[in-house]
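>>> Return a 3D structure for these sequence lines:
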Amino acid sequence: MTSIVGFTLAFVLFGISAAAAPFRAAAAKVDITPKTPQWLMGYAARKSTGVRDRIFHRVVAMDAGGQPFYLVASDLCLFSPTVYDDAARDLERELGIPRTHFWWSVTHSHAAPEVGPPGVYKALLGRSDHEHDRDYEKLVREALVAAVKEARSKLEPARIAFGLGHSNANINRRATDVDGKVSLGLNPDGPVDRQIGLIRVERPDGALIALIANYAIHGTVMSGANLQVSGDAPGVVSAYVEEKLGAPVLFVNGAAGNLAPIYSVYADAKSGHLTQFNVLLGDPILAAVRAMGPATADVALSAAEHTVPTPNREGLDWPEDLPQYRARVPVRFLRINDTVIWAAPVELFCEIAIAVRNRSPFSHTFYFGYTNGWLAYLPTASAFAEGGYEPRTSVFTDRAETDLTRAVTAFLDGFR
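Residues are numbered from 1 along each chain as shown. So this is what the prediction gives:
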């Protein structure tokens, strides 16, 4: 038990390097597009009738002096933490990868297939009464393990660089009416985080191995009227940037709980200007990549985990298969030199991620949302007071913002 600025933090810390060690990296990309109609996630239950664009697992593998880290970004909407737990056990059993060193993020496309049991999704929203497709879940999990194995087998000497960009592709979605009621819509005056966080992994000669692009945006260009499988804006942008750069691009969503794409919930891709996000977000990513500074092969990597206790709302019918996630938020941390990444299985409001970033002692602080499962929205205390869809469907209370912000900022001070 370690006490940091008045908070007692119980955590597991792995792989802290006293000095930089030889760095290796690799990437892999595996298709997970379904061959049969699937229940689509994110809106009311509906089955797909076709495929607009193919969806993938994209993997980056890193190793700094024997300390591994694997990041998977998948063109999926969300899944229960039990799906992550099962995959983590598979990787630890087959490859010896500690679960703290394996992160599985989703882009949050609402045109992606359902994966695994409904978890808190059914308890909160009353959806997913149908039986989930176990064959497709098996395909997704087996493809993930295969992609991680492929990336690990290709590890080679590498360098890493970090950078920032900016895009106006998102907008606050908590619209306020004259009577003060908040509903899902577009709010150009609301809080928004338009930072692009970039991690470039390259070979010693500068050839790109993979790019990680971190940006906060709901994958909701298309509405529930769309019945075609798609990666929505994150997937389309990933494919566009990959074509330009010639290497896998992992789109990792940020604190998008209250952020929508500027074209949102249209019936189809054309009316939603889906390909325009290549200009709105893809081109700013490419411009920011060109402006990034030099990469380094001197890499120290460490990973950590901390569970933040915070109450669940009263009267919540908590799923029986998730007892270890009740009244708590599991948070992961990854430090690479003077950059830190923190991640949680929630739809975080952007103000919370910005506050943590502003208080962080690290040169770069990135938040990876929708990572290692999904436990619903985690709004600000003021949003709970205002009401609206996200607080109404959250498993948490108005204490969550304070509990999470204090615990994470304190942990980062100690992690430094």
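>>> Just checking: what are the partner strands of the strand or helix carrying Leu334?
Using DSSP states H and E, Leu334 maps to strand 328-336. When pairs are called by DSSP bridges, strand 328-336 turns out to pair with strand 301-309 (antiparallel), strand 339-343 (antiparallel).
>>> what's next to the longest helix seen in the chain, contact-wise?
The longest helix of the chain (DSSP state H) is helix 134-153. Here helix 134-153 makes contact (CB atoms under 8 Å, 6 or more residues apart in numbering) with 26-32, 34, 36, 38, 57-61, 68, 70, 72, 74, 76, 83, 86-87, 90-91, 94-95, 97, 102, 104, 113-116. For the C-beta atoms, the positions are set from N, CA and C on the backbone; glycine is no exception.
>>> That helix: which residues count as buried?
136-137, 139-141, 143-145, 147-152 (16 or more other CB atoms under 10 Å).
>>> Taking the contacts of helix 134-153, please make a ChimeraX selection of just the buried ones.
Command for ChimeraX that selects the buried part of the contacts of helix 134-153, burial taken from 16+ other CB under 10 Å:
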select :26,27,28,29,30,32,34,38,57,58,59,60,61,68,70,72,74,76,83,87,90,91,97,102,104,113,114,115,116
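>>> which residues in the chain form helices?
Using DSSP H, helices in the chain cover 81-95, 120-125, 134-153, 232-245, 277, 283-290, 350-359, 381-386, 389-392, 400-415.
>>> Let me know which of those helices is tucked in deepest.
Highest mean neighbour count of the helices of the chain: helix 277, a mean of 25 (counted as mean count of other CB atoms under 10 Å).
>>> what separates that one from the chain centre, distance-wise?
19 Å (CA atoms, centre = their mean, to the nearest Å).
>>> What is that helix packed up against?
Using 3 or more CB pairs under 8 Å, 6 or more residues apart in numbering; DSSP states H and E as the contact test, the elements touching helix 277 are helix 232-245.
>>> Look up how far Ala383 lies from Val249.
Look at Val249 and Ala383: by CB to CB, to the nearest Å, they are 32 Å apart.
>>> got it, and Leu198?
When CB to CB is the yardstick, Leu198 and Ala383 sit 29 Å from each other.
>>> List the contacts of the nearest residue to Ile97 once chain neighbours are set aside.
Excluding its sequence neighbours, the residue lying closest to Ile97 (CB to CB, 6 or more residues apart in numbering) is Leu91, at 4.6 Å. Counting by CB under 8 Å, 6+ apart, Leu91 touches Tyr70, Ile97, Arg99, Phe102, Val145, Val148.
>>> Which of the contacts of helix 134-153 fall within strands?
26-31, 57-61, 68, 70, 72, 74, 102, 104 (DSSP state E).
>>> okay, the strands paired with strand 328-336 in a markdown table with distance to Asp193 next?
Compiled in a markdown table, the strands paired with strand 328-336 are given as follows (distance: least, CB to CB, whole Å):
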| stretch | distance to Asp193 |
| --- | --- |
| strand 301-309 | 21 |
| strand 339-343 | 14 |
